[in-house]
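S.K.: After the sequence you'll find the predicted model.
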Amino acid sequence: MRLVPKICYVPHTDRITVLIPVDISDSYSIPAAVLKLLSSAHVVVLGYYPVPSQTAPAQIKHQHETDAERKLEAVANQLSGHAERVTDVLVFTHDRDETIDRIANTHEADAVLTPGEVGSVDNVLVPLRGGSNVENILSLVKTLLEPTDSRVTLFHSVDEDDAEGHGEDLLEEAVEHIIKGGINRSRVDVQLSTGDDTVSDILTAGGGYDVLVIGETKPSLRDRILGRVPSKVLTDTSEPVFVVRDTEGTDEEEE
Amino acid sequence: MTADTGQLERNLGFLEAMTLGGGTMIGAGIFILPGLAAEGAGPASSVSFLIAGFVALLAALSLAELATGMPVAGGSYHYVNRALGGVFGSIVGWGMWTGLMFASAFYMIGFGQYIVGPLPFLDGRALIVLLGVLGLFLIVGINYYGTDESSGAQNVMIGVELIIVLVYVALGVFFVDPANLKEFAPTGPTGIVATTGTVFVTYLGFEIIATVAGEIERPGKLIPLTMVLSVVSVTLLYVVIMIVSTGVVPYQELGGSLVPVSDVASISMFGGIGVAAVTFAAAVAAISSSNSSILAASRVIFAMGRDSLMSERLNVTHDRFNTPHRAIITTGAVTGGLILLGLQVGEIVALLAQVASFSFLVTYALVHVAVVVFRGADPDEYDPEFKLPRLMYPTVPILGIVTAVVVVSQMRAPVIVVGFGVIVLGVVWYAVYARDRAFEEGVADEAVEGLLDELPDFLPGSTPTETAEETYTIVVPVANPETQHGLLRLAAASARAHADEESPELVAMNVIEAEETSRRNVESDRIDHQHALLENVHEITDGMDVDVRTRSLVEPEIGEAIVRVAGEEDADQVLTGWNGTLARDDYVFGKTLDTVLSEAPCDASLAEIRSDTVGRPVALAGPGPHSPKATQRAVEFATVQETTPVLLNVQPPAPDGESDPVRRGHEAVAWVADRAGIDREEYEVKVVVDEDTESAILDAVDGFETICVGLSEKSDRSRILFGSIAERISRRETGNVVVVRGGEKEGGVPNTPGETVARQDNA
């Protein structure tokens, strides 16, 4: 059905776009350590104003728009000295998730940053699941690491009987990919774990980490019921988390 | 950084809209109405539902067209207000609000009946009322604190409720005794129509879809689909339910029951289990229907507040919960009062249902009128994605009005009295509270005005020339909140300067440029922006000692709209904003300003507002035809801060033997001032002698806070020169720059495109 080839919509690959959703009804500022990570990224700040179903979004907009614009501008200003480029969007919405998805699509965001508390970024933890989405995750990791001297821990969790060593291969390739991107080998750690509970494995990995980069996954039926790994990680961690969007998979979606 | 204004997300999909609309419709009504309907028309009450469904379907079609044309919050109220103006807007707004409150009270009394009914040890009207009030309290509480849209609990509950209803129908069919249906229409046609008036309350649901039109995804498709689908499916369901219910239990028995569905279920659905299931479903239905009604009510109140037909204080949202808590509590309090009436009034349930029906029948009749008006006037903002097909228009609106009137005419006297009371309330409210505040012009007003314009000779007292003697009118198009204040101040000064002969008047106008409605709620954004601008006008001009009126328009061409308004108002001047630059395409000042400059039938001034104060104005008193006008403006603007304006003239150095250039400059200024009718003591003269006129002007005006430049006629081909001095001044100076063109009234010749365009004076 689609007449225009997908390639037209792909932004030039050297610049990563990161979407930061900010609840604009609350006060918020981005931790300084995270600002540094974003130095070479295009940042889209999405100020969303959550509107309860009792209220027409237009009504909240009518009363709080000026205030919301001011707050959003403050966040954007905080970023403008640091990021490569800053775009801000203000949305009044009943449904935060739906808005994040829509804005991420229209701005072709590569990752969504869930802000958290962090003092300094010494170690970035990157759990890798299988081969899907790895390219995108690693491109983001390169972009984040370049302007800093943080370390990165690549993490993979396998079944106990990973006889063929798939897990090690995966990590090996990932390390090579990152080194090729100009990151010194000495800054890269790998960690292979065997266990059933992926979420707690991720959360205890590396001993300590300051920022998490995880890939989004298409929710399976089981995930829909039990919750997706990223969202479980998100709720259990207080650190900033970059959720990398699976842009290769979007081809199958409508539009 | 791109600082665009906030977007409004549309979050309600098909399922949510159906739950709101259909859920409300099959909700409480299904459990309470069979008793009332059976009492009123026996088994033929299924026909009553068919008729009510047909009337509702007609309304849904018309409403769908309006809702896709203007998908914003407020539903029927908004469309009627736009089409027919504030009086009818007030009638429908109040009608909808009270209708929703009556319906909500009706649901909650039903809630009480179903809980009290099956328990043998409970009895009595007081308990029913008490439970109703408690249920309402719960709903108001939840809505006060606010809920997320994504809460699936309500959808699950409504799903279970629907399943119980379907099982009720499916099992009931086997228990139908044909003998019960033998006497099909015991009350005859009148009874059937009268019952229609009672059961119509069911069909409030699709209106609720319209009230949240601003939040529905793909409104062009989903609004008509969900409205029509919910009306049709609910009608069919009710018809079957009525036949089954009156088939299982004789209508005489059913009619006397407060819990008709439980009675049927005790026969057809395994006794106690069935009764329990029905009781559960009825309770869920009542709560969800009442809940939707209260939400819809606060949307209506919000929409009325937006048009200044309701106090904005009622619309303030809660600091923490962001809910319109005052509107919710007010609605809840009145609804609670209506439930309490149940203690005194025996037939309260029927009465509540009928008054709600009445209000919405009147509302829908006006919706049909609104469609006709919109189709007739065809304003440019009206471009509905769903349009009644040719076969249905104007059949649907006409039939809709006729059927609504027929149903209303068969209602009982007390209902008609209360219903008309609500209409009177709307009219009185408009007259007492809203008339001075609301500034929405109905499309119909425009249509009527247009008609009056065509017949000025036959209407004594309405000829424009009469008023022209009395007022000096300046039309001020406002668009930018930052420069609005400066523009109005200059305009007020200019108008007040004529106060001796004519009373000064400003007409502030804003034009929404008609565009395609996109996915987001652009329409509502722009309306809000326009309202904010025009509301500010009154604040700003307060104390400026001029009469101020505002006009809001939606037009495809802003420039032409300004010219048209200037004509209609018989304006003496148009004072509009300018950004200080010239267009680099086929236009000189830009499409809008070129149109104003070449076509406005009066003086025209373009003002670039940059300074907060007017200060001491300077005018270029050169040889151009519009220099006197520029000079006159400078004198008028000077009154703001009681300064004396400076008239500037630049002369080339005289070759030997010719007259003194300084004296020549003074003579030129005096000539201009004379043409402008300005006395010598009203201005100061400054003459500069220089070879390079342009740079001399630039140097001389340095530091002045307001600079007036006249236009002069110049051939089309040299349009590059046009306005360039004004632009250059604007680039160098930080003050206000006003480009002035005289108009027809003073004998000046407005430029006509193709012949001449204006150019700046090289003084």
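M.R.: In hand now; what should we look at?
S.K.: C-alpha only now, for contacts and for neighbours.
M.R.: OK.
S.K.: First-to-last residue distance for stretch B:303-318?
M.R.: 17 Å (CA to CA, to the nearest Å).
S.K.: list the buried ones in that stretch?
M.R.: When neighbours are counted by 16 or more other CA atoms under 10 Å in any protein chain shown, the buried residues of stretch B:303-318 are found to be B:303-311, B:314-317.
S.K.: Any chance of these in CSV with pLDDT and distance to residue B:233 as columns?
M.R.: CSV is the format used below for the buried residues of stretch B:303-318 (pLDDT from 0 to 100; distance: CA to CA, whole Å):
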residue, pLDDT, distance to residue B:233
B:303, 89, 29
B:304, 90, 31
B:305, 88, 34
B:306, 84, 34
B:307, 83, 35
B:308, 82, 38
B:309, 86, 36
B:310, 87, 36
B:311, 85, 38
B:314, 85, 36
B:315, 84, 35
B:316, 86, 38
B:317, 86, 36
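S.K.: so can I have CSV of those showing secondary structure?
M.R.: Output for the buried residues of stretch B:303-318, formatted as CSV (DSSP: H, G, I helix; E, B strand; the rest coil):
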residue, secondary structure
B:303, helix
B:304, helix
B:305, helix
B:306, helix
B:307, coil
B:308, coil
B:309, coil
B:310, coil
B:311, coil
B:314, helix
B:315, helix
B:316, coil
B:317, coil
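S.K.: ok, which of these also contact chain A?
M.R.: Filtering these for proximity to chain A by CA under 8 Å from any CA of the partner chain leaves B:315-317.
S.K.: domains of the chain?
M.R.: I'll assume chain A. According to automatic domain parsing, chain A comprises the domains A:6-114, A:123-252.
S.K.: should've been chain B
M.R.: Listed by automatic domain parsing, the domain ranges of chain B are B:14-307+B:317-434, B:455-577, B:608-763.
S.K.: what about the ones you listed, which gets the closest to residue A:214?
M.R.: Closest of those to residue A:214 is domain B:14-307+B:317-434, at 25.2 Å (criterion: CA to CA).
S.K.: What is the distance between that closest one and the centre of its chain?
M.R.: 24 Å (CA atoms, centre = their mean, to the nearest Å).
S.K.: what's the distance between the nearest residue to residue B:565 once chain neighbours are set aside and chain A?
M.R.: Among residues not flanking residue B:565 along the chain, residue B:475 sits closest, at 7.7 Å (CA to CA, 6 or more residues apart in numbering or on different chains). Counting by CA to the nearest CA, to the nearest Å, the gap from residue B:475 to chain A is 27 Å.
S.K.: and after the one helix or strand residue B:475 maps to, which helix or strand comes next?
M.R.: Per DSSP states H and E: residue B:475 is located in strand B:471-477. Going down the chain from strand B:471-477, the next helix or strand is helix B:484-496, by DSSP H and E.
S.K.: State whether residue B:709 is indeed within a strand.
M.R.: Yes: assessed with three-state DSSP, residue B:709 lies in a strand.
S.K.: So it sits against residue B:728, correct?
M.R.: No: look at residue B:709 against residue B:728 with CA atoms under 8 Å: they stay out of range, at 11.7 Å.
S.K.: Between those two, tell me which one has more neighbours.
M.R.: Just comparing residue B:709 and residue B:728: by other CA atoms under 10 Å in any protein chain shown the higher neighbour count belongs to residue B:709, 33 against 16.
S.K.: I'd like the ones next to chain A among the buried residues of stretch B:303-318 as JSON lines, with distance to residue B:62 appended.
M.R.: Listed next are these as JSON lines, based on distance: CA to CA, whole Å:
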{"residue": "B:315", "distance to residue B:62": "29"}
{"residue": "B:316", "distance to residue B:62": "32"}
{"residue": "B:317", "distance to residue B:62": "32"}
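S.K.: Which one of those residues is nearest to residue A:156?
M.R.: residue B:317 (48.4 Å).
S.K.: check contacts around the closest one.
M.R.: Residue B:317 sits next to A:60, A:63, B:323-326 when contact means CA atoms under 8 Å, 6 or more residues apart in numbering or on different chains.
S.K.: Between these, identify the one with the most neighbours.
M.R.: The most neighbours of any of the contacts of residue B:317, using other CA under 10 Å, belong to residue B:324, which has 29 neighbours.
S.K.: Might one say that that residue is in contact with residue B:300?
M.R.: No: look at residue B:324 against residue B:300 with CA under 8 Å: they stay out of range, at 11.5 Å.
S.K.: What sits closest to residue B:550 if chain neighbours are left out?
M.R.: residue B:508 (4.7 Å).
S.K.: list the contacts for the one you found?
M.R.: Counted by CA under 8 Å, 6+ apart, residue B:508 has contacts B:475-478, B:534, B:537, B:548-551.
S.K.: of all of the stretch 301-450 of chain B, which residue lies closest to chain A?
M.R.: For the stretch 301-450 of chain B and chain A, the shortest gap (CA to the nearest CA) falls at residue B:323, measuring 5.6 Å.
S.K.: Quick check, that residue in contact with residue B:144.
M.R.: Yes: counting by CA under 8 Å, residue B:144 is a contact partner of residue B:323 at 6.2 Å.
S.K.: Checking the residue nearest to residue B:550 next. Helix, strand or coil?
M.R.: Taking three-state DSSP, the label given to residue B:508 is strand.
S.K.: so it bridges to which residues?
M.R.: Per DSSP bridges, the residues bridged to residue B:508 are residue B:476, residue B:550.
S.K.: where's it relative to chain A, distance?
M.R.: 22 Å.
S.K.: Tell me the spacing between that residue and residue B:533.
M.R.: 10 Å.
S.K.: Now the common contact residues for the two.
M.R.: Taking CA under 8 Å, 6+ apart as the contact rule, residue B:508 and residue B:533 both touch residue B:478.
S.K.: Tell me if I'm right that residue B:36 and residue B:351 touch.
M.R.: No: using CA under 8 Å, residue B:36 makes no contact with residue B:351, being 10.6 Å away.
S.K.: can you list the domains of chain B in a markdown table and add distance to residue A:27?
M.R.: Shown next, in a markdown table, are the domains of chain B (distance: least, CA to CA, whole Å):
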| stretch | distance to residue A:27 |
| --- | --- |
| domain B:14-307+B:317-434 | 13 |
| domain B:455-577 | 25 |
| domain B:608-763 | 33 |
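S.K.: With respect to burial, which of those domains scores highest?
M.R.: Ranked by mean neighbour count, these are led by domain B:14-307+B:317-434 with a mean of 22 (mean count of other CA atoms under 10 Å in any protein chain shown).
S.K.: residue ranges for the strands of the stretch 51-200 of chain A, please.
M.R.: Taking DSSP state E, counting those that start in this stretch as the criterion, the stretch 51-200 of chain A contains strands spanning A:85-93, A:111-114, A:123-128, A:151-158, A:188-194.
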